[in-house]
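In: Just need the structure, nothing else, for what follows:
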Amino acid sequence: MQKLKKIVVFGKDGQLGKAFQKVLFNNLNVIFLGRQDCDLSKTEHIKFVLEKYQPNIIINASAYTAVDKAEQEQDLANLVNGEAPKVMAEYISCVSQGILMHYSTDYVFDGSKKSPYQENDSTNPLGQYGKSKLIGEEAIKRAFSQIQQNYNSQYYILRTSWVYGEGGNFIRTMLKLASEQEQLKVISDQYGVPTSAEWLTQISLKILDQQILSGIYHTVPNGETSWYELAKLAIKTAIQEDAIVKIMPEAIQAIPATEYPLPAPRPYNSRMNNEKLKLALKEDFPIWENQVEEYVKNFLAK
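Out: Here you go, the predicted model:
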């Protein structure tokens, strides 16, 4: 990272943005921007900020993530998740040795596949959130396909899933509910890979350091689980750390997603194959269980 001239990180107040701040807090070449610093729904504001700071690395850790609200706020979701990455890509693709690191989601798939998704599988988002993220992906690829090769710029679209870090997330919600309620129902027929924001940041920096080939990479730890099994592990770990809970893991009731209807449809299968990125980085990844256990222990120790 020492060779980088200037990095701009969008989304400093999100779970991923906070993880980047922890790692890069003492790097004078990094500028962190939040919603108050740049309105990503306004194209001209993004252009102004980029011209002001003139980065050669953009890390776009920001996104419109209100999955259910996106059904009513389609235009806003498309601006933040689709148009903003386009503007960033068009800018950085014309910077000498420029790099755009952008984060996408399992929601670009419909979840009908029976095995983990690979990068070249057909996309078919079910809801507006996934559709807006796919617009962003396509805009980035299109912008970089149109540049002159002598710029030697690169892009990385990292698809990830079930992210947890500093801020509101499923694991913290389960721990809170377990401390307050004697009954708990959790969906058991939706599958994915919980991903630590801290780990995702570390992998991102390795990609920047090694500058692997441009493209889409599924960036998740090893393994798979359901929301139900994730909740059980989080609460089991909390009990082992002497946290006071009102419900034991085995007492949690497993329910199908049909019993917990939401405005936006979710993919039943959010599992993603991470072999492409492991091969590119020449390393294996940790299993998700170990990361979740460590996260719960650290959270309860605060």
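
In: Quick check: bridge partners of the residue positioned nearest the centre of the chain?
Out: By Cα atoms, centre = their mean, the chain has its centre lying nearest to residue 160, at 4.9 Å. For residue 160, the beta-bridge partners are residue 105 (DSSP bridges).

In: Correct me if wrong: it contacts residue 103.
Out: Yes - in this structure residue 160 lies within contact range of residue 103 using Cβ atoms under 8 Å: 6.2 Å. Where you see a C-beta, it was placed from the backbone N, CA and C, and this is true even at glycine.

In: low-confidence ranges in the stretch 51-200 of the chain?
Out: 148-150 (pLDDT under 70).

In: Determine the longest helix present in the chain.
Out: If you go by DSSP state H, the chain has its longest helix at helix 128-145.

In: Which strands or helices does it pack on?
Out: Helix 128-145 sits against helix 74-78, helix 84-92, strand 99-105, strand 154-160, with contacts defined as 3 or more Cβ pairs under 8 Å, 6 or more residues apart in numbering; DSSP states H and E.

In: check contacts around residue 63.
Out: Neighbouring residues of residue 63 by Cβ atoms under 8 Å, 6 or more residues apart in numbering: 11, 14, 80, 81, 103, 133.

In: Run a quick neighbour tally on the second one.
Out: It stands for residue 14. By the criterion of other Cβ atoms under 10 Å, residue 14 has 22 neighbours.

In: cool, and the third one?
Out: Using other Cβ under 10 Å, residue 80 has 25 other residues around it.

In: does the nearest residue to it once chain neighbours are set aside count as helix, strand or coil?
Out: What sits nearest to residue 80 in space, not counting adjacent residues and going by Cβ to Cβ, 6 or more residues apart in numbering, is residue 64, at 3.9 Å. Classification of residue 64 using DSSP: H, G, I helix; E, B strand; the rest coil returns coil.

In: Got the phi and psi for residue 64?
Out: With angles defined as degrees, to the nearest 10, residue 64 sits at phi -90, psi 110.

In: can you check the one 4 residues further on too?
Out: Note on residue 68: backbone dihedrals following degrees, to the nearest 10 are phi -80, psi -40.

In: Also residue 192?
Out: Phi and psi for residue 192, reported as degrees, to the nearest 10, are phi -170, psi -160.

In: count of residues packed around the nearest residue to it once chain neighbours are set aside?
Out: Once flanking residues are discounted, residue 192 sits nearest to residue 270: 3.3 Å by Cβ to Cβ, 6+ apart. Using other Cβ under 10 Å, residue 270 is surrounded by 21 other residues.

In: What distance do you get for residue 270 to residue 82?
Out: The gap separating residue 270 from residue 82 is 21 Å, by Cβ to Cβ, to the nearest Å.
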